[in-house]
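S.K.: how would this look folded up:
(chains A, B and C)
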Amino acid sequence: MVSALANILETNESGVLAKWLELLLTSANAGGGRIKEAELKAQCREFLTALRQALAADMGGDTDIQSDTFERVRDLLSDVSRSRAIQGFSPSETATFVFSLKQPIFELLRQFSQDALTLADESWRVTQVLDQLGLFTTEVYQKSREEVVARQQDEIAELSTPVVKLWDGILALPLIGTLDSARTQTVMETLLQSIVDQSAEIAIIDITGVPTVDTLVAQHLLKTIAAARLMGADCIVSGIRPQIAQTMVHLGVELNVVSKASLADALALALTRTGRAVVRVKTPIASTTSH
Amino acid sequence: MAVLKDDTLPIRTSEDVVRVRKEVRVQAIAAGFGIVDQTKIITAASELARNTLDYGGGGTARLELVQNGARKGLRLTFEDKGPGIPDLQLALTDGYTTGGGLGLGLSGAKRLSNEFDIHSVVGEGTRITIARWK
Amino acid sequence: MDRIPILKLGRALLVTVQVDMHDRLAMALEEDLSEKIVATNARGVLIDISGLEIVDSFMGRMLDNIAAVSRLLDADTVVVGMRPAVAITLVELGLSLTGVKTALNVDRGMALIGTGFGAHDGADDDGVGSEDTDGRVEG
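M.R.: Numbers count the residues shown, from 1 in each chain, chains lettered A, B, ... in the order given. Purely as a prediction, here's the structure:
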């Protein structure tokens, strides 16, 4: 048995398309303007065609959009939904893509039959299919947003942990901001990988920019230092501020590592340890006398 | 939560422990784990597989690739029909051992996983399930 | 049964672990090394684990044991080339291998052997310990 929806799409696809597009373009809720008309038109046309083909091939009668027959429809909707999620559309704007299809179809449904019972049955079936598709759109949207957020978190974490080379074999990691578990893991990995990449013997972890050090942060620092040691590199912690040092003592956190007041002091120690010394050239050379 | 892949490997010899590590690596890569997460779950699997062999007298390792929303993960279940663990609290304490090891097997595997569940009946056996999420 | 080969470099022994070892293989290595230290009168043992993708508590204990045994036999043990992910995991596992010295690569490890207590302080800027690696290689 062919459903009314299949029948309508079979006989009047272009009519539905025109009306649907008009609705999408005028509806404030469809995010009009952010998407090019030609692109929207192409999306709508492809979707309608795929839906018509799927419905024509759907023999079961109880239309299940998760079935293989609807694969192409789902793929198209996923693309639409995903691209909108990335472009910053709201969930309702994205779902409107499917739900606004209801109006043109219901209009044509009225002409489909005069019998109230048939009409009620067919309305129910149309609603079911479109609601399923709408929910599917929202689900994909949700998933895509989660992916976007996860990616941004990764990027932020990466940006906030620059490892700089101070000298041959001496690295510095200036930490700025609060350290949580997730970020500490990135910090650890970045630092340890840099140690390998640059064959660094000494890494200086500068915490001048870290506002508070609690037990957890201290533990993370200690783990990083222990891991570096296992790889064959030493760590020096620098820039522990007086209040932080006091808090740590009160908390009973023991940071049993080599620590120096400033990054400069730490660098001096690192140079000494690697058998180097910084000496002052006897008389500072004034740049104007050199030529 | 959907299970995308489900395998069970026997643990009878120390070569089987190596095989479990290898297979966990394959699944961890399939789950999209980064190198550190891979290493953590393989190490946890190695600890538990060795426990299954040494204390449980052998058993099985079940590897499941699971998906929960957008997140993929790995769920590993180690099961033996050995003597069981009389005092779980004690067995999970760092440094506690009955087998002359370092006593870090269970507690270490727990620290390396996001989820940890242990079920043990004296005289019947032990089942440990761990999961790690991407 | 397979064995992990032990090379003699000057007065040091070099073991490069490249395969995922099963436990008996690891135990055999521990035995072989102890005998070889005495037989060759070696001053140090370098264990290159840059090829290892994991070190679990069993292998960690093996490294600790090798270090303890060689210390009794008057030789230093240096574990060389541990990968970052392996190091992070070992720390999380609760193992710190306090008894063993560590180095980033074989050259640096060579320089550490026989240089007293402080780690990493025997390294030059370039060509670290190159004369040591010229030693004859014996099976």
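
S.K.: looking at the chain, which helix is longest?
M.R.: Defaulting to chain A. helix A:116-159 (DSSP state H).

S.K.: oops, wrong one, chain B.
M.R.: Under DSSP H, chain B gives helix B:35-54 as its longest helix.

S.K.: what average pLDDT does that one get?
M.R.: Mean pLDDT, helix B:35-54: 94.

S.K.: CA atoms only: put stretch C:24-32 into CSV for me.
M.R.: What follows is stretch C:24-32, C-alpha atoms only, in CSV (Å, rounded to 0.1, in the frame of the first residue of the first chain):
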residue,chain,number,x,y,z
ARG,C,24,59.5,-15.9,31.6
LEU,C,25,61.6,-14.1,29.0
ALA,C,26,62.0,-11.1,31.4
MET,C,27,63.0,-13.5,34.2
ALA,C,28,65.6,-15.2,32.0
LEU,C,29,67.0,-11.8,31.2
GLU,C,30,67.5,-11.0,34.9
GLU,C,31,69.4,-14.2,35.3
ASP,C,32,71.5,-13.9,32.2
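
S.K.: contacts for that stretch?
M.R.: The contact list for stretch C:24-32 (Cβ atoms under 8 Å, 6 or more residues apart in numbering or on different chains) reads B:14, C:1-4, C:6, C:15, C:17, C:21, C:58-59, C:62, C:65-66, C:69. To be clear about C-beta, it is placed using only N, CA and C from the backbone, and glycine gets the same treatment.

S.K.: is it possible to mark the buried ones in those residues?
M.R.: Neighbour counting with 16 or more other Cβ atoms under 10 Å in any protein chain shown marks B:14, C:4, C:6, C:15, C:17, C:21, C:58-59, C:62, C:65-66, C:69 as buried within those.

S.K.: among those residues, which are in helices?
M.R.: B:14, C:58-59, C:62, C:65-66, C:69.

S.K.: max-length helix in chain C?
M.R.: Chain C, longest helix under DSSP H: helix C:23-40.

S.K.: next, the angle from that one to helix B:35-54.
M.R.: The directions of helix C:23-40 and helix B:35-54 differ by 100 degrees, with axes from the mean of the first three to the mean of the last three Cα atoms, to 10 degrees as the criterion.

S.K.: now do helix C:23-40, average pLDDT.
M.R.: Computed over helix C:23-40, the average pLDDT equals 91.

S.K.: buried ones in it?
M.R.: When burial is assessed from 16+ other Cβ under 10 Å, helix C:23-40 yields the following buried residues: C:23, C:25-26, C:29, C:32-34, C:36-37.

S.K.: determine the three-state secondary structure at A:Thr212.
M.R.: Secondary structure assignment for A:Thr212 (DSSP: H, G, I helix; E, B strand; the rest coil): coil.

S.K.: roughly how far does it sit from chain B?
M.R.: As judged by Cβ to the nearest Cβ, to the nearest Å, A:Thr212 and chain B stand 25 Å apart.

S.K.: hang on, the earlier thing: which of the buried residues of helix C:23-40 sits closest to chain B?
M.R.: C:Asp23 (4.4 Å; Cβ to the nearest Cβ).

S.K.: thought the closest one was touching C:Ser57?
M.R.: No. Contact criterion Cβ atoms under 8 Å: C:Asp23 and C:Ser57 do not qualify, at 11.3 Å.

S.K.: tally of neighbours for A:Glu254?
M.R.: A:Glu254: 10 surrounding residues under other Cβ atoms under 10 Å in any protein chain shown.

S.K.: secondary structure class for it?
M.R.: What three-state DSSP gives for A:Glu254 is coil.

S.K.: C-terminal to the helix or strand bottoming out on mean pLDDT in chain A, what's the next element?
M.R.: The helix or strand of chain A with the lowest confidence, counting by mean pLDDT, DSSP states H and E, is helix A:242-251 at a mean of 82. Next along the chain after helix A:242-251, taking DSSP states H and E as the criterion, comes strand A:259-260.

S.K.: where does B:Pro83 fall, secondary structure wise?
M.R.: Assigned by DSSP H and E, B:Pro83 belongs to no helix or strand.

S.K.: so how many other residues sit close to the residue of chain B found nearest chain A?
M.R.: Chain A sits closest to B:Ala70 of chain B, with a gap of 4.8 Å, by Cβ to the nearest Cβ. Using other Cβ under 10 Å, B:Ala70 has 14 other residues around it.

S.K.: could I get the buried residues of helix C:23-40 as JSON lines with distance to A:Leu251?
M.R.: What follows is the buried residues of helix C:23-40, written out as JSON lines (distance: Cβ to Cβ, whole Å):
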{"residue": "C:Asp23", "distance to A:Leu251": "41"}
{"residue": "C:Leu25", "distance to A:Leu251": "45"}
{"residue": "C:Ala26", "distance to A:Leu251": "40"}
{"residue": "C:Leu29", "distance to A:Leu251": "43"}
{"residue": "C:Asp32", "distance to A:Leu251": "48"}
{"residue": "C:Leu33", "distance to A:Leu251": "44"}
{"residue": "C:Ser34", "distance to A:Leu251": "45"}
{"residue": "C:Lys36", "distance to A:Leu251": "49"}
{"residue": "C:Ile37", "distance to A:Leu251": "45"}
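
S.K.: between the residues you listed, which sits nearest chain A?
M.R.: Distances from chain A to the buried residues of helix C:23-40, taken by Cβ to the nearest Cβ, are shortest for C:Ala26, at 17.9 Å.

S.K.: pLDDT weak spots in the chain?
M.R.: Just so you know, I chose chain A. Confidence mapping of chain A against pLDDT under 70 gives the ranges A:1-2, A:28-33, A:59-62, A:157-158, A:160, A:255, A:284-291.

S.K.: ah, no, chain C please
M.R.: Using pLDDT under 70, chain C drops low at C:1, C:114-139.

S.K.: for A:Ile86, give me its contacts.
M.R.: A:144, A:148.

S.K.: three-state assignment of it?
M.R.: Reduced to three states by three-state DSSP, A:Ile86 is helix.

S.K.: where's it relative to chain C, distance?
M.R.: 31 Å.

S.K.: cool, A:Leu269 as well?
M.R.: 12 Å.

S.K.: that residue in helix, strand or coil?
M.R.: Applying three-state DSSP: A:Leu269 is helix.

S.K.: how many neighbours does it have?
M.R.: Per other Cβ under 10 Å, the neighbour tally for A:Leu269 reads 18.
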